[in-house]
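1. Coordinates for the following, if possible.
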Amino acid sequence: MSGMYRFVFFVFIFTLNAIRTIDTQNVDPPAIPCASKSNTTCEDCLKNVTCLWCISTKACVDYPVRSILPKPSVCPLDNARWGLCWVNFQSLIISMAVLAGIIIIAILVCCFCCCKCERIGNKRQDAKVAKQDRARKARKNERKSERNVRHEEIRQKYGLAKGNPYSRMEDN
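-> Prediction:
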């Protein structure tokens, strides 16, 4: 579980760094170029958010804004630091890809479950409606047979039996 806490802490720090970067982008960049901070410390270099620190060469270079990730000729990803000295690009890319994958899978699972639950609900509702229809038809047939029995009794009582349609004529 400590790995999960580290991951959450890592995402939190990355988010804070991104917010700090957005806040500092509105401020005029300092006049000191990044190259002048080479052969110093990572912390000194990264005080300027436009700088990228390369651990292997101990060089402080301007972040290549035209490409999203620094090219290996500038600095290998596992040695590049930007924003925070302990966050390297390689682990950042991997963790963000995993996080994006988890979010996409979670969304797909939620969509699948919602559709499946709706389909199951519709099947149950269809079965319930069919059961009600069968019960309604059974009651209708029962009422119809009772009505026919009453009509037959009335015909018998007044001599209008269905068996002989001309019986009324013979009585006259």
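2. quick one: the helix or strand where W53 lies to chain centroid distance?
-> For W53, the host element (DSSP states H and E) is strand 51-54. How far strand 51-54 lies from its chain's middle: 36 Å, per Cα atoms, centre = their mean, to the nearest Å.
3. Walk me through which strands that strand pairs with, and which way each runs.
-> Looking at strand 51-54 with DSSP bridges, its partner strands are strand 59-62 (antiparallel), strand 80-82 (antiparallel).
4. Sort out which residues of the longest one are buried, please.
-> Along strand 59-62, these residues count as buried under the neighbour rule (16 or more other Cβ atoms under 10 Å): A59, C60, V61. The way it works is simple: take the backbone N, C-alpha and C, and place the C-beta from them, glycine included.
5. center of this protein - which residue?
-> For the chain, I107 is the residue whose C-alpha lies nearest the centre (Cα atoms, centre = their mean; 2.2 Å).
6. Surely that residue forms part of a helix?
-> Yes. Following the definition DSSP: H, G, I helix; E, B strand; the rest coil, I107 is counted among the residues of a helix.
7. will you turn the buried residues of strand 59-62 into JSON lines that also has pLDDT and distance to S73?
-> Below are these laid out as JSON lines (pLDDT from 0 to 100; distance: Cβ to Cβ, whole Å):
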{"residue": "A59", "pLDDT": "89", "distance to S73": "12"}
{"residue": "C60", "pLDDT": "91", "distance to S73": "16"}
{"residue": "V61", "pLDDT": "89", "distance to S73": "11"}
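8. what would these look like in CSV with distance to A135?
-> Listed next are the buried residues of strand 59-62 as CSV, based on distance: Cβ to Cβ, whole Å:
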residue, distance to A135
A59, 83
C60, 82
V61, 80
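9. Can you tell me which of those is nearest W86?
-> C60 (16.5 Å; Cβ to Cβ).
10. which ones are touching that closest one?
-> Counting by Cβ atoms under 8 Å, 6 or more residues apart in numbering, C60 makes contact with C34, A35, S36, K37, S38, T40, D44, C45, C51, L52, W53, C54.
11. Quick check: the gap between the last one and C115.
-> Remark: distance between C54 and C115 (Cβ to Cβ, to the nearest Å) = 49 Å.
12. Check the second one too.
-> In this structure, A35 and C115 are separated by 56 Å, where distance is defined by Cβ to Cβ.
13. can you check the third one too?
-> Counting by Cβ to Cβ, the separation of S36 from C115 is 59 Å.
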